[in-house]
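S.K.: fold the following and give me the result.
(one chain, ligands or ions: 1)
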Amino acid sequence: MSSGGQSSLSGLRTIKRDWSQSSSQSEDRISWPATQPAQSQSSKAPQAEVRSQRMKDIQLALDALAGKQPPGERPEISTKQIANGTKRPLPPAPDPPPAKKRQLPPSWNEDTLSSSSNFKSSSKFSLPTVKSTSSTVAPSSSKSSSSLAGVFLSQEQTQILRLVESGNSVFYTGSAGTGKSVLLREIIRTLQKRYIKSSDAIAITASTGIAACNIGGVTIHSFAGIGIGEGSAEELVNRVRKNKKAASRWLRTKVLIIDEGTFV
Ligand SMILES: Nc1ncnc2c1ncn2[C@@H]1O[C@H](COP(=O)(O)OP(=O)(O)OP(=O)(O)O)[C@@H](O)[C@H]1O
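M.R.: Sure, this is the predicted structure:
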């Protein structure tokens, strides 16, 4: 190995190395680019520029040795790709398809839609018309506007309703599903209209709590103020007379309705 020097403006010297003694090291031999010799002593090139050029040359040589590729030809790997574990550069994303223009029917005029006055008229929704149904209680004299739509009392139901309206005490019964509850709701509706000023005039009761809830009333025992109803009739009457609230209820009641009365 010999070392020699050729003076340059940067102050560095070209080192010549003899690699012939070791063949195994020949592959790693660095081909140091030769520093451009100073053309003349009187050159005014700044030392910093020459020094940076020298450093670039060295860097190029090192990169070429390490990667076998010039730095400019190596693919750029972003930090994102490294984080994702993908070292290969991703293919460029395809261009998004062009936005399709909505096709309007030929009868539509876009100028018409853009006009504010016409827009008001076109945005007027036409909801389906709901036809109100008036009282459907059969050919009765009472016109109940709040009765259920589509319910027409049968002839028998209408007959019972008329008896109640006339002030008669009525007991009606029938098999399951014969329309007793429907009739009772109509009776209550009719009487509530008649006694609209004194709501206490109608006592809506039932023999059981569930039956009372179905018609919006209370149990007959609760209304009467007799507790569980133990004792003789005289004893119960005396108990009601002593209960001022219960006695007052009895006195104000004009109509007593008892649903499921057969269970009392
Ligand atoms: N006049 C009517 N018009 C139309 N539907 C009716 C009429 N009367 C009763 N119905 C129908 O018949 C069915 C039975 O009526 P409802 O419940 O009043 O009978 P119910 O005698 O009280 O029965 P249950 O004794 O089991 O309580 C119900 O679906 C009711 O809507």
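S.K.: can you give me the distance of residue 224 to the ligand?
M.R.: Distance, residue 224 to the ligand, by Cβ to the nearest ligand atom, to the nearest Å: 23 Å. Yep, even glycine has a C-beta here, placed from its N, CA and C like the rest.
S.K.: should've said residue 177
M.R.: Distance from residue 177 to the ligand, by Cβ to the nearest ligand atom: 4 Å.
S.K.: does that residue sit in a helix, a strand or a coil?
M.R.: The three-state assignment at residue 177 reads coil, by DSSP: H, G, I helix; E, B strand; the rest coil.
S.K.: that one: neighbour count?
M.R.: Residue 177 has 7 neighbouring residues, counting by other Cβ atoms under 10 Å.
S.K.: where does this protein dip in pLDDT?
M.R.: Applying pLDDT under 70 to the chain picks out residues 1-17, 19-45, 68-91, 100-101, 103-150.
S.K.: which residues of it lie near the ligand?
M.R.: Taking Cβ under 6 Å from any ligand atom as the measure of proximity, the chain contacts the ligand at 151-154, 157, 174, 176-182.
S.K.: redo that, cut-off 8 Å
M.R.: Applying Cβ under 8 Å from any ligand atom, we find that the chain lies next to the ligand at 150-154, 157, 174-184.
S.K.: give the buried subset of the residues you listed as a PyMOL selection command.
M.R.: Burial among these is assessed by 16 or more other Cβ atoms under 10 Å; the matching PyMOL selection reads:
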select buried, resi 151+153+157+180+183+184
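S.K.: tell me which of the residues of the chain next to the ligand fall in helices.
M.R.: In this view, the residues of the chain next to the ligand that belong to helices under DSSP state H are 157, 180-184.
S.K.: can you put the residues you listed in JSON lines and add distance to residue 231?
M.R.: Rendered in JSON lines, the data for these read as follows (distance: Cβ to Cβ, whole Å):
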{"residue": "157", "distance to residue 231": "38"}
{"residue": "180", "distance to residue 231": "31"}
{"residue": "181", "distance to residue 231": "32"}
{"residue": "182", "distance to residue 231": "36"}
{"residue": "183", "distance to residue 231": "34"}
{"residue": "184", "distance to residue 231": "30"}
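S.K.: most widely separated two among these?
M.R.: The span of these, defined through Cβ to Cβ, is set by 157 and 181 at 10.9 Å.
S.K.: any chance you could map the strands in this structure?
M.R.: 202-206, 218-219, 255-259 (DSSP state E).
S.K.: give me whichever of those is most buried.
M.R.: Of all the strands of the chain, strand 202-206 carries the top mean neighbour count, a mean of 21, counting by mean count of other Cβ atoms under 10 Å.
S.K.: got the angle between that strand and strand 255-259?
M.R.: 20 degrees (axes from the mean of the first three to the mean of the last three Cα atoms, to 10 degrees).
S.K.: give the partner strands of strand 202-206 in its sheet and their orientations.
M.R.: Its sheet considered, strand 202-206 pairs with strand 218-219 (parallel), strand 255-259 (parallel) by DSSP bridges.
S.K.: grab the CA positions of that strand and hand them over as CSV.
M.R.: Below are the C-alpha coordinates for strand 202-206, written out as CSV (Å, rounded to 0.1, in the frame of the first residue of the first chain):
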residue,chain,number,x,y,z
ILE,A,202,-122.3,8.4,35.6
ALA,A,203,-120.6,5.8,37.7
ILE,A,204,-118.7,3.4,35.5
THR,A,205,-117.9,0.2,37.4
ALA,A,206,-117.1,-3.5,36.9
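S.K.: what does it contact?
M.R.: For strand 202-206, contacts defined as Cβ atoms under 8 Å, 6 or more residues apart in numbering pick out 188, 191-192, 195, 212, 214-220, 222-223, 249, 253-260.
S.K.: same check, this time on stretch 232-245
M.R.: With contact meaning Cβ under 8 Å, 6+ apart, stretch 232-245 is reached by 224-227, 229, 231, 246-247, 250.
S.K.: top of those by number of neighbours, please.
M.R.: Using other Cβ under 10 Å as the neighbour test, those are led by residue 224, with 21 neighbours.
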